[in-house]
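**Student:** Generate a structure from the sequence data that follows.
(one chain, ligands or ions: 1)
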Amino acid sequence: MIEVFRALLELQEVDLQIADLQQERGTIPGERIKGQEVLQIGNARVSEAELAVTERSKEQRRLESEFAVLEASVERFQSKTSDVTSNEAYRALLREIEMAQEKASSHETAILEAMEGVEEAVRALDLAKQEAQTAAEQVAAEGVALDDREKSIEADLGTAGEQRTALAGTIEPKALKDYDYVAAKKLPAIVFESDQVCEGCRMTVATPEVIDLRKAKKLTTCIQCKRILIAKSILETK
Ligand SMILES: [Zn+2]
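**Tutor:** Modelled structure (predicted):
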């Protein structure tokens with residue numbers, strides 16, 4: 001029976017390796033999604049920055065066209081000065097001209113500010129594009145690394161699967177069936193009993209069972225965690 005135990009433990013090593021590989025493979029789609037999210041964030045920032053450039057340029061053009069209207073009105077008022085007949089009307093016209101000039105002047109300041117705003121938005125857009133580009137390159141490189149990792153995991157799983165088939169073929173069918181039954185539910189499926197304690201669940205194993213275990217005549221399971229128990233001492237002594 002000890003040889004069966006040894007073979008089962010060897011099989012379990014392969015199964016643990018397979019479980020690790022499957023677990024690692026399971027994380028890959030999540031990694032890919034994370035990469036896609038990084039790309040989306042980068043693209044969203046570029047779109048946002050593009051919109052800011054558009055809006056600020058629009059604001060600049062709006063101010064410029066208003067400024068043209070104001071300048072035209074200053075000119076119009078100025079052209080009327082020669083037609084004025086009374087001093088009062090002349091003073092009123094001068095006030096109109098002054099007010100229109102003030103408006104035009106404050107618009108000039110606003111246009112300068114708007115131009116700075118456009119420049120700032122263009123710089124922010126360049127930066128967003130650069131960052132998106134860097135992120136895209138990084139995600140692409142990570143994608144290649146993920147492809148490689150996936151391929152290597154698949155190859156390792158293939159090898160482990162072959163190893164498992166070969167090993168399983170050497171194990172007595174009943175013992176293999178019992179092991180597979182437990183292993184389908186939890187790994188490790190086989191744990192050691194040492195000092196009357198199940199190493200799987202840390203519960204005390206009753207004395208009669210310990211005696212049975214140490215005789216190693218059959219497969220025994222822990223009544224607590226339902227794993228197959230093997231007395232550590234039998235593997236050490238023989
Ligand atoms: Zn247990």
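
**Student:** per the record, what domains does the chain have?
**Tutor:** Structurally, the chain divides into domains by automatic domain parsing as follows: 22-168, 173-237.

**Student:** So for the first one, mean pLDDT?
**Tutor:** Averaged over domain 22-168, pLDDT sits at 96.

**Student:** gap between the one residue sitting closest to the centre of the chain and residue 133?
**Tutor:** The residue lying closest to the centre of the chain (Cα atoms, centre = their mean) is residue 34, at 2.4 Å. Distance check for residue 34 against residue 133: by Cβ to Cβ, to the nearest Å, it reads 18 Å. C-beta: built from backbone N, CA, C; applies to glycine.

**Student:** repeat for residue 195
**Tutor:** In terms of Cβ to Cβ, residue 195 sits 62 Å off from residue 133.

**Student:** again, but for residue 231
**Tutor:** 63 Å.

**Student:** do residue 140 as well
**Tutor:** Computed as Cβ to Cβ, the residue 140 to residue 133 distance reads 11 Å.

**Student:** And the helices in the chain, which stretches?
**Tutor:** Using DSSP state H, the helices found in the chain span residues 2-80, 87-168, 173-183, 207-215, 232-237.

**Student:** Make a markdown table out of these and add distance to the ion.
**Tutor:** Shown next, in a markdown table, are the helices of the chain (distance: least, Cβ to the ion, whole Å):
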| stretch | distance to the ion |
| --- | --- |
| helix 2-80 | 15 |
| helix 87-168 | 24 |
| helix 173-183 | 11 |
| helix 207-215 | 11 |
| helix 232-237 | 13 |
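
**Student:** Need these in JSON lines (columns: distance to residue 190).
**Tutor:** Below are those laid out as JSON lines (distance: least, Cβ to Cβ, whole Å):
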{"stretch": "helix 2-80", "distance to residue 190": "5"}
{"stretch": "helix 87-168", "distance to residue 190": "14"}
{"stretch": "helix 173-183", "distance to residue 190": "7"}
{"stretch": "helix 207-215", "distance to residue 190": "12"}
{"stretch": "helix 232-237", "distance to residue 190": "11"}
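
**Student:** Run a quick neighbour tally on residue 58.
**Tutor:** Applying other Cβ atoms under 10 Å, we find 12 residues neighbouring residue 58.

**Student:** Same check on the one 3 residues further on?
**Tutor:** Residue 61 is flanked by 13 other residues according to other Cβ under 10 Å.

**Student:** how about the nearest residue to residue 53, chain neighbours excluded?
**Tutor:** Leaving aside its chain neighbours, residue 53 sits nearest to residue 121 (4.4 Å; criterion: Cβ to Cβ, 6 or more residues apart in numbering).

**Student:** The one you found: what's it in contact with?
**Tutor:** Contact analysis of residue 121 by Cβ atoms under 8 Å, 6 or more residues apart in numbering lists 49, 52, 53, 56.

**Student:** Kindly report the same for residue 54.
**Tutor:** Taking Cβ under 8 Å, 6+ apart as the definition, residue 54 has no contacts.
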